[in-house]
Each structure stands twice: as C-alpha cells, then as structure tokens.
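[1] Model the structure of this input:
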Amino acid sequence: MGDNHNLLAEQRRALILEEVRRHGGARVNELTRKLMVSDMTVRRDLDTLARQGALEKVHGGAVPLADASTHEPGFEAKSSLETSAKTEIARAAAVMAQPGSAIALSGGTTTYALAQQLVEVPDLTVVTNSVRVADVFHTAHRGPGGARSPRPGAATVVLTGGMRTPSDSLVGPVADAAIRSLHFDVLFLGVHGISVEAGLSTPNLAEAETNRRFVGAARRVVVVADHTKWGTVGLSSFATLRDVDTLVTDGGLPDGARAEIQDHLPELVVAGEDEGAQEREEQRRTGD
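    As a prediction, this is how the structure comes out:
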C-alpha cells in the first residue's frame, strides 16, 4: 500500500495522537486504514510520538501516556479494539454454557460479546458484576414497548452491587460479599493481561479482589481473551495459570505463545481453528 503524501508527517502524527486520546488507544492496523499509509509509516510515527513523550507504545498499537500497569481504558475505548476477534472468541466460548447451569460473567468487552451469544441458552442463572452484561440479557428478554417478555427459559440475572470501574465493572466490598457465598458451574472471565509469570492481572486493585472471589467460587474457570492480552501484565495479579481450566483466544496468537500456553494450561481453544474441541463441548453440553 502506497503512503498518502497529502498529509505532512506533522499532520499525520497529530491525527494519530488525537485518535489515541479520543478512544483511549489505537491499533496499528486501524491507523493504517484510516490514514491510508503503510504499516511501517505508522510504526515510525508511533516511535517518534513515544520519544516525544506524547503517547505510550504497546503491543500492536499505542495508548495515552500512562503507567502501562495501571492504565485502564474505558469500556468504549476497549470495545473498538480487536472487535472481530472478540466475536469469534464469544462464539467459541458460548458452547461451554450448558442449559440450566449457573454461570458467572466478569466485566469486560469480551464477556459483553459473549453475553450476546448466550441470550438464547435456556434456563441459565447468570451472576455478573457488569452492568453492560446484565443489560444484554434484560434487553433480550423484553417484548415490544419494553414490556418484560414471558418467554420460557429466559435467563435469571443477578447483578452484584459495587463501585464502578472505568471499564464498567462493579467492584469492591459489596460485590465481594455478593459473590462470597455463591457457587458457579462455569466462570467466564475477561482479563486485562495474562502471562506465565504474573498469571491473570488487572490495573485495578479492587477489581483484582472481586475477580479473585469469582475464581474461588467457580468449578470451571474459562478465560476469554484476545491474543493481545498474552504477555500483558497489570498492576495486580489475582490468579495463577493453575487456576485456569480453559483459555479461549483468537488466531492472532503466535505459535511460540501457543506452545507456552499449552505447557501451562489444561486446555487452549483457538476460535475458528479448534472446531473439534467446540464440537466436543457442544456434545457434552447437549448430552448427545
């Protein structure tokens, strides 16, 4: 792809900086498409802006200048990143929720995408600390004019209380108390970062404690995370890889990372690639 020479370098970098600040982050492939320049040009611009202290480079893109371990973009900003991957992950994870089971969904944009896939699974009991996730189920089960639908099999949704984070999760003592006495068949957990050394981590200390409660209450822990989360480390770890039963991710995960994950986790599901595993899970769920 040829570069767009209609923009001076200074203009192009100003547009990049505006994009990063407006959305809380931007990926290289998005910037190349919007600016109509090459991947190499965008990466050079990001290098220049990072040296100037205008933004911070991260794997695959850039975020506003902040301590990478404590920076937490808002829900809307994160929703714009890796959207197709999140949809694929959600579809692959949805078959792991059996009708009539009790499940938990943590906050996050990937679990939000998963909730949209789960609304037709009958007789679920769903516990979540995400207002966004709860709204997906409530909206799906309302009839014309906003009236509550009498449709049999609609999910029962329990929303924890708590303090709201930038990513629209409810955390803190109220959320922790709500989760403490519960037991889930499956926890679907979104994460800020996952690595061999740090395990599962988040930039938010209160969210780390609430997620720790979720993990402790689940019989099976399924982490839903796109490939950019691998190798990322947030401020606070809340679980080790030994606490995870299944990681559902996308095909952007490098081969080296796949091998490393398979050495440390019982099950790795790559959305769109591991169709056999998804079929086995579907059979297990339906009892066929």
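[2] Now residue 204: closest residue in space, sequence neighbours ignored.
    residue 165 (5.3 Å; CB to CB, 6 or more residues apart in numbering). C-beta coordinates here come from the backbone N, C-alpha and C atoms, glycine included.
[3] hang on, residue 89 packs against residue 251?
    No. Look at residue 89 against residue 251 with CB atoms under 8 Å: they stay out of range, at 10.2 Å.
[4] Please enumerate the shared neighbours of these two.
    Both residue 89 and residue 251 are contacted by residue 271, under the criterion CB atoms under 8 Å, 6 or more residues apart in numbering.
[5] How far does stretch 99-119 stretch from one end to the other?
    Terminal residues of stretch 99-119 lie 11 Å apart, using CA to CA, to the nearest Å.
[6] which phi and psi does the spatially most central residue of the chain have?
    In the chain, the centroid-proximal residue (CA atoms, centre = their mean) is residue 110; its distance is 3.5 Å. Residue 110 has phi and psi values of phi -80, psi -40 when expressed as degrees, to the nearest 10.
[7] wait, what's in contact with it?
    The contact partners of residue 110, taken as CB under 8 Å, 6+ apart, are 86, 89, 90, 190, 224, 225, 226.
[8] Tell me the pLDDT of it.
    Residue 110 carries a pLDDT value of 93.
[9] what do you get for residue 206?
    91.
[10] Residue 170 versus that one, what's the distance?
    10 Å (CB to CB, to the nearest Å).
[11] These two: which is more packed in?
    The neighbour count for residue 206 versus residue 170, taken as other CB atoms under 10 Å, is higher for residue 170 (23 against 19).
[12] Who does the helix or strand hosting that one pair with, and is each partner parallel or antiparallel?
    Using DSSP states H and E, residue 170 maps to strand 170-171. In its sheet, strand 170-171 lies beside strand 163-164 (antiparallel), with partners assigned from DSSP bridges.
[13] Residues in contact with the strand it pairs with: which ones?
    For strand 163-164, using CB under 8 Å, 6+ apart, the contacting residues are 131, 170, 171, 172, 174, 175, 206.
[14] I'd like to know how far residue 125 sits from residue 112.
    Look at residue 125 and residue 112: by CB to CB, they are 19 Å apart.
[15] Looking at those two, which has the bigger crowd around it?
    Counted by other CB under 10 Å, residue 125 and residue 112 do not tie: residue 112 has more neighbours, with 24 against 16.
[16] wait, that one sits on residue 132?
    Yes. Under the criterion of CB under 8 Å, residue 112 makes contact with residue 132 at 5.1 Å.
[17] so the residue lying closest to residue 218 once chain neighbours are set aside bridges to which residues?
    Counting by CB to CB, 6+ apart, residue 187 is the residue found nearest to residue 218 once chain neighbours are left out, at 3.5 Å. Here residue 187 sits in beta bridges with residue 104, residue 221, going by DSSP bridges.
[18] same thing with residue 169?
    Here residue 169, judged by DSSP bridges, has bridge partners residue 130.
[19] So what's the residue count around it?
    Look at residue 169: counted by other CB under 10 Å, it has 30 neighbours.
[20] In contact with it, which residues?
    106, 107, 108, 129, 130, 162, 204, 207, 210.
[21] tell me the two of those that are most distant?
    Using CB to CB, the contacts of residue 169 span at most 14.8 Å, a distance reached by 108 and 162.
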